[in-house]
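>>> dropping a prediction and its sequence here:
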Amino acid sequence: MKSILVLALASCALFAANEYSGRRAPSFSLPDVNMRQHDILDYRGKVLIVEFMQTKCDKCQALTKSIEGRVKPKFGDNVAILSIVVPPDTFDDVKKYTNVFKVSSPILFDMGQVAGSYVKASPQRPAMYFPHVFLIDQKGEIRADWQWTAPGLYPDVISGDRLITEIEKLLAEGKAAAPATPAAPAKAAPKPAVKK
């Protein structure tokens with residue numbers, strides 16, 4: 001029996017899939033290899049990259065190298081990254097991938113439901129292509145997304161350049177929107193001692 005969500009790996013390129021952006025990011029809580037749950041709501045207030053990937057996908061591997069080598073060192077704790085795999089990836093596949101590519105962010109396990117909610121899967125549109133990257137702002141809104149589907153498009157996302165540019169915009173917006181810290185009240189001058 002065919003699954004409604006056919007997760008297809010395409011060896012093509014990333015494109016901005018605007019129909020998936022401009023909406024609240026679907027909520028989820030998924031386990032990592034240590035069975036620790038990661039709830040997307042715990043990342044509110046930070047820029048968040050949610051990447052759907054497969055460990056045997058060469059474009060996913062290139063993107064992981066960019067995220068680990070360029071994006072994370074540049075932004076540190078200001079940006080959170082959650083990678084999500086779906087079957088046929090296993091715990092052993094993810095452990096090996098983590099070691100080979102020196103991945104320090106969690107890689108989570110999904111059976112397809114979370115992936116389906118992000119790409120609005122339906123019987124008319126059952127496919128998902130890897131990698132598919134969602135850039136989520138501090139308020140939990142999907143601001144941009146890219147997926148790999150046609151040759152030659154968006155190599156700047158795989159290299160990390162596009163992600164860096166878009167993250168910088170979101171961080172600048174977050175600073176501009178942050179309420180100003182009120183100035184500390186001035187201390188009152190001590191009252192002079194009254195002689196009696």
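Thanks, I have it.
>>> apart from its neighbours in sequence, what residue is nearest the residue most central in space within the chain?
For the chain, residue 49 is the residue whose C-alpha lies nearest the centre (Cα atoms, centre = their mean; 1.4 Å). Closest residue in space to residue 49, ignoring its immediate chain neighbours: residue 81 at 4.6 Å, by Cβ to Cβ, 6 or more residues apart in numbering. Heads up, the C-betas are built off the backbone N, CA and C, glycines and all.
>>> one step back: is it true that the residue nearest to the centre of the chain lies in a strand?
Yes. Assignment of residue 49 by DSSP: H, G, I helix; E, B strand; the rest coil places it within a strand.
>>> what mean pLDDT does the lengthiest helix in the chain have?
In the chain, taking DSSP state H as the definition, the longest helix is helix 161-177. In this model, helix 161-177 has a mean pLDDT of 87.
>>> contacts only, for the residue nearest to residue 49.
48, 49, 51, 67, 71, 72, 105 (Cβ atoms under 8 Å, 6 or more residues apart in numbering).
>>> quick one: contacts for the residue nearest to the centre of the chain?
67, 71, 79, 80, 81, 82, 133, 134, 135, 136, 163.
>>> number of nearby residues for the third one?
So the one you mean is residue 79. Look at residue 79: counted by other Cβ atoms under 10 Å, it has 22 neighbours.
>>> same check, this time on the first one
The criterion is other Cβ under 10 Å. On that basis, residue 67 has 23 neighbouring residues.
>>> for the closest residue to it other than its chain neighbours, give its distance to residue 48.
Spatial nearest neighbour of residue 67, excluding adjacent residues (Cβ to Cβ, 6+ apart): residue 81 at 6.0 Å. Residue 81 sits 8 Å away from residue 48, going by Cβ to Cβ, to the nearest Å.
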